[in-house]
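>>> the following block contains a protein sequence and its predicted model.
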Amino acid sequence: MKSASDQWFDEAYYQRYYYDKKTSVIDPEHAERLGDFVCSYLQYLRVPVQRVLDVGCGIGLWRAALARHFPEASYHGVEFSEYLCTRFGWERGSVVDYQAHDPAEPFDLVICQGVLPYLNPSDLKLALRNLGQLSRGALYVEAVTREDYERDIIDDELTDPRLFRHRAELYRRGLQEGFAEIGGGVWLSHRCEVPLFALECAGGR
């Protein structure tokens, strides 16, 4: 099967999954808690954050938390949806092959929320490898897995039925090439020189 078509992500999609309170997959309070958690965790670990890439940035829900915690950091939004790029001025691109304008300057924090399950297995592998190239610091990833469906913790009425149900191991295997998993969906690049205790990172560094 092919990965998601750009035609899926039109005005009706965002009205359904983001703006309509009855069918939205995320509410402002959840976005605020999540953003505060990730940013606070990175501040606690003393990960320097000056350049942020939000790939698959949607309607820009991360900007408020980033502005509170890292007011000096630059924010760059990249979107696959032509509709959102026109509406918000994001750069158009895909996590599969997006490249920083200056490859010698990767980002300190890369956010990839709710994007990867729209990719078929071959594109997913490319995207996970690409995330390792894009971040020299931290990565936040959110992706529902087949195990989440099997454990019946997914609300089928609010979740896009077109998502691929990849195993969690497929995500972890791809990300471990470039990152150490440090919990809560947060990963730390092998290039980041921030020291961590052994129990702070799954599988060591």
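Nice, I can see it.
>>> show the pLDDT at Arg205.
pLDDT for Arg205: 70.
>>> with Glu200 instead?
Listed pLDDT for Glu200 reads 91.
>>> what number of residues lie near Ile111?
A count of neighbours around Ile111, defined by other Cβ atoms under 10 Å, yields 26. C-beta coordinates here come from the backbone N, C-alpha and C atoms, glycine included.
>>> does it touch Val55 like I think?
Yes. Contact criterion Cβ atoms under 8 Å: Ile111 and Val55 qualify, at 7.0 Å.
>>> quick one: contacts of the strand or helix carrying Gly35?
Using DSSP states H and E, Gly35 sits within helix 28-45. With contacts defined as Cβ atoms under 8 Å, 6 or more residues apart in numbering, helix 28-45 is touched by 49, 61-62, 64-66, 68-70, 109, 111, 137-138, 140, 182, 184-186, 188, 194, 196.
>>> what are the buried residues along it?
Buried residues in helix 28-45, counted by 16 or more other Cβ atoms under 10 Å: Ala31, Leu34, Gly35, Val38, Cys39, Tyr41, Leu42, Leu45.
>>> what are the pairing partners of the helix or strand following that helix, and which direction each?
Once helix 28-45 ends, the next helix or strand along the chain (criterion: DSSP H and E) is strand 51-55. According to DSSP bridges, strand 51-55 forms sheet pairs with strand 74-79 (parallel), strand 107-113 (parallel).
>>> thank you kindly, that will do.
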